[in-house]
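Asks: Next comes the sequence, and after it the predicted model I'd like to discuss.
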Amino acid sequence: MKFVLIFGPQAVGKMTVGQELSKITDLKLLHNHMTIELLEPFFGFNPEMWRLSTLFREEIFQSFSKSDQYGMIFTFVWALNKKEDWDHVSKFTEIFRSQGAEIFYVELEADLDERLRRNKTTNRLEQKPSKRNIEQSEEHLLSSLDTLRLNSEEGEIEQENYLKINNTNLQAEEVAEMVKSKFDL
């Protein structure tokens, strides 16, 4: 079993890279908005929605990690300056690790202008209805720059199977191939 965590800031391309990696491997993709989009119409973006989203993810991980599947890709906006996000990542990865899975960390970073462009792409808006209010989504993306650190500092991520990619000028297919090759997926 393999668990690939793709993390980075909003609109960096996590889901799109995950989609492409899923196409060229036997890995299944659970992008972070799959649980969010299910719950947001009922609860909005409030603490109950986030609690349930985390609970759903953990239950999916528990069941999937015990299956005979090849593995899973999960995308996550990891606020590296928030202890609770470190705790979430630790819990998610431990669920898989406890079942003998190999864990892989893929961090994506891209220039702000490129992220703002990607925030409006057709694929993103089709997969993430809550992002269709472009003005609100862009405002959230920009305001998070003031309070959240969404890319790691040099040496901060100490895991063995770790790859950081600046994908500003790369297509998702290229990044997926890099990940597949690096980790022999």
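Replies: Perfect, thanks for sending it.
Asks: could I have stretch 177-185 exported to CSV, CA atoms only?
Replies: This file holds the C-alpha atoms of stretch 177-185, laid out as CSV (Å, rounded to 0.1, in the frame of the first residue of the first chain):
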residue,chain,number,x,y,z
GLU,A,177,5.7,11.8,-14.3
MET,A,178,8.3,13.3,-12.0
VAL,A,179,6.5,12.0,-8.9
LYS,A,180,6.0,8.5,-10.4
SER,A,181,9.6,8.3,-11.5
LYS,A,182,11.1,9.6,-8.2
PHE,A,183,9.1,7.2,-6.0
ASP,A,184,8.8,4.3,-8.5
LEU,A,185,5.0,4.3,-8.3
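Asks: Which residues belonging to stretch 27-36 are considered buried?
Replies: 27, 29-36 (16 or more other C-beta atoms under 10 Å). In short, each C-beta sits where N, CA and C put it, glycine included.
Asks: The most centrally placed residue in the chain pairs with what?
Replies: By C-alpha atoms, centre = their mean, the chain has its centre lying nearest to Thr75, at 1.7 Å. Counting by DSSP bridges, Thr75 is bridged to Ile6.
Asks: Would you mind giving the buried residues of stretch 27-36 as JSON lines with distance to Asn46 and secondary structure added?
Replies: Putting the buried residues of stretch 27-36 into JSON lines (distance: C-beta to C-beta, whole Å; DSSP: H, G, I helix; E, B strand; the rest coil) gives the following:
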{"residue": "Leu27", "distance to Asn46": "32", "secondary structure": "strand"}
{"residue": "Leu29", "distance to Asn46": "26", "secondary structure": "strand"}
{"residue": "Leu30", "distance to Asn46": "22", "secondary structure": "strand"}
{"residue": "His31", "distance to Asn46": "21", "secondary structure": "coil"}
{"residue": "Asn32", "distance to Asn46": "17", "secondary structure": "coil"}
{"residue": "His33", "distance to Asn46": "16", "secondary structure": "helix"}
{"residue": "Met34", "distance to Asn46": "19", "secondary structure": "helix"}
{"residue": "Thr35", "distance to Asn46": "14", "secondary structure": "helix"}
{"residue": "Ile36", "distance to Asn46": "12", "secondary structure": "helix"}
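Asks: Now for those: which two are most distant?
Replies: Leu27 and Ile36 (20.6 Å; C-beta to C-beta).
Asks: quick one on the thing from earlier: right, and out of the buried residues of stretch 27-36, which lies closest to Leu148?
Replies: Nearest to Leu148 among the buried residues of stretch 27-36 is Asn32, at 14.7 Å by C-beta to C-beta.
Asks: The residue nearest to that closest one when sequence neighbours are not counted and Glu48: what is the separation?
Replies: In space, and not counting its chain neighbours, Asn32 is closest to Thr75: 4.9 Å by C-beta to C-beta, 6 or more residues apart in numbering. Using C-beta to C-beta, to the nearest Å, Thr75 is found at 22 Å from Glu48.
Asks: Thank you kindly, that will do.
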